[in-house]
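K.L.:
Dropping a prediction and its sequence here:
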Amino acid sequence: MFKMYTRNGDFGQTFLPKINRKISKSDLIFDVLGTFDELGVSLGFLHTARLPDVRKTSQEVQKDLLNLGSLIISPEKIPGEKIKYWEGRIKELEEVIDYFGSQIDPLKNFLLVGGCRESSFSHLSRVICRRLERLVVNYVKHKKDRVFVVKYLNRLSDLLFTMARYSNKKLGFKDIIWENK
């Protein structure tokens, strides 16, 4: 029988195969990797979205997140062709943002999160993405070959905001405009 537990991390350290050594679970990399995982899980809520384009986009992004998480901890310098691939993925995200954005009204005010579940799940993923972006900025500040991860996450948070508004519009919910009083 396969046992899920190993007891290897019982004393606050764990082994990372990519770097081939044990490190403390309090290391920044675990905040980064844990938040990549958290974002992927939150995007899983969108697998039940009533909009096929939202479902498809969330699943594609989940795959990207697993790849980016693996790259972020790689001890080797990221090769130029891999960086070029991710720069292309960032452009593709921009195209998807434009697709969703072309179907919603321009925004003139801050919004309150709400409406349909797809919108709320997109907003939840967006704020997790922003937290991950802040963590990655701190983690890669001395690793210039990983800046593309920050760019990807920045576009992803824009995409998630746009998908939230798109979902509300397509499913017949109005954006909830915040009024400053």
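P.N.:
Cool, got the structure.
K.L.:
and the residue of the chain most remote from its centre, what pLDDT?
P.N.:
Taking C-alpha atoms, centre = their mean, the residue of the chain most remote from its mean C-alpha position is residue 1, at 34.6 Å. According to the prediction, residue 1 has pLDDT 84.
K.L.:
Repeat that for residue 108.
P.N.:
Listed pLDDT for residue 108 reads 86.
K.L.:
Against which helices or strands is the worst-scoring helix or strand of the chain on mean pLDDT packed?
P.N.:
Least confident helix or strand of the chain, by mean pLDDT, DSSP states H and E, is strand 13-16 with a mean of 84. Here strand 13-16 touches strand 21-24, going by 3 or more C-beta pairs under 8 Å, 6 or more residues apart in numbering; DSSP states H and E. In short, each C-beta sits where N, CA and C put it, glycine included.
K.L.:
try it again with 10 Å
P.N.:
On a contact count with 3 or more C-beta pairs under 10 Å, 6 or more residues apart in numbering; DSSP states H and E, strand 13-16 meets strand 21-24, helix 28-44.
K.L.:
Can you redo those as JSON lines, where the extra columns are distance to residue 153?
P.N.:
Listed next are the helices and strands packed on strand 13-16 as JSON lines, based on distance: least, C-beta to C-beta, whole Å:
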{"stretch": "strand 21-24", "distance to residue 153": "23"}
{"stretch": "helix 28-44", "distance to residue 153": "9"}
